[in-house]
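K.L.:
Okay, sequence plus prediction incoming.
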Amino acid sequence: MRAKVKNGFQPKVCHTCNLEFEWRKKWAKNWENVKYCSKRCGGK
C-alpha cells in the first residue's frame, strides 16, 4: 500500500527502513526536518 498525500504534504521515505510514511499532525511544525517514520527507526 502506497502512502497518500495528506493535507497537501507529499509522503516521505524513511532513511532507515526505506518505507514511505505519511504526514502526521504531530509533525505539522517540523515536517521539513522529519527523516524517520518512528522513534524505533530514528534510533531513540
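P.N.:
That came in fine, so what should we check first? Residues are numbered from 1 along each chain as shown.

K.L.:
ok, how many other residues are close to residue 37?
P.N.:
22 (other CB atoms under 10 Å). Glycine gets a C-beta too; all of them are placed from N, C-alpha and C.

K.L.:
dump the residue contacts of residue 2.
P.N.:
Neighbouring residues of residue 2 by CB atoms under 8 Å, 6 or more residues apart in numbering: 11, 20.

K.L.:
so who does residue 24 touch?
P.N.:
Listed by CB under 8 Å, 6+ apart, residue 24 has no contact partners.

K.L.:
In terms of pLDDT, where does it sit?
P.N.:
Model confidence at residue 24, given as pLDDT, is 94.

K.L.:
Could you do residue 38 as well?
P.N.:
95.

K.L.:
now do residue 12
P.N.:
Per the predicted model, pLDDT is 96 at residue 12.

K.L.:
what do you get for residue 44?
P.N.:
61.

K.L.:
Likewise for residue 15?
P.N.:
We note a pLDDT of 96 for residue 15 in this prediction.

K.L.:
number of nearby residues for it?
P.N.:
Using other CB under 10 Å, residue 15 has 11 neighbouring residues.

K.L.:
That one and residue 35 touch, don't they?
P.N.:
Yes. With contact defined as CB atoms under 8 Å, residue 15 and residue 35 form a contacting pair (4.9 Å).

K.L.:
tell me the secondary structure for the closest residue in space to residue 42 that isn't next to it in sequence?
P.N.:
Leaving aside its chain neighbours, residue 42 sits nearest to residue 36 (3.9 Å; criterion: CB to CB, 6 or more residues apart in numbering). Secondary structure for residue 36, judged by DSSP: H, G, I helix; E, B strand; the rest coil, is coil.

K.L.:
now residue 36: how far from residue 29?
P.N.:
Distance, residue 36 to residue 29, using CB to CB, to the nearest Å: 17 Å.

K.L.:
out of those two, which sits in the busier spot?
P.N.:
Set residue 36 next to residue 29 and count neighbours by other CB under 10 Å: residue 36 wins out with 16 against 8.
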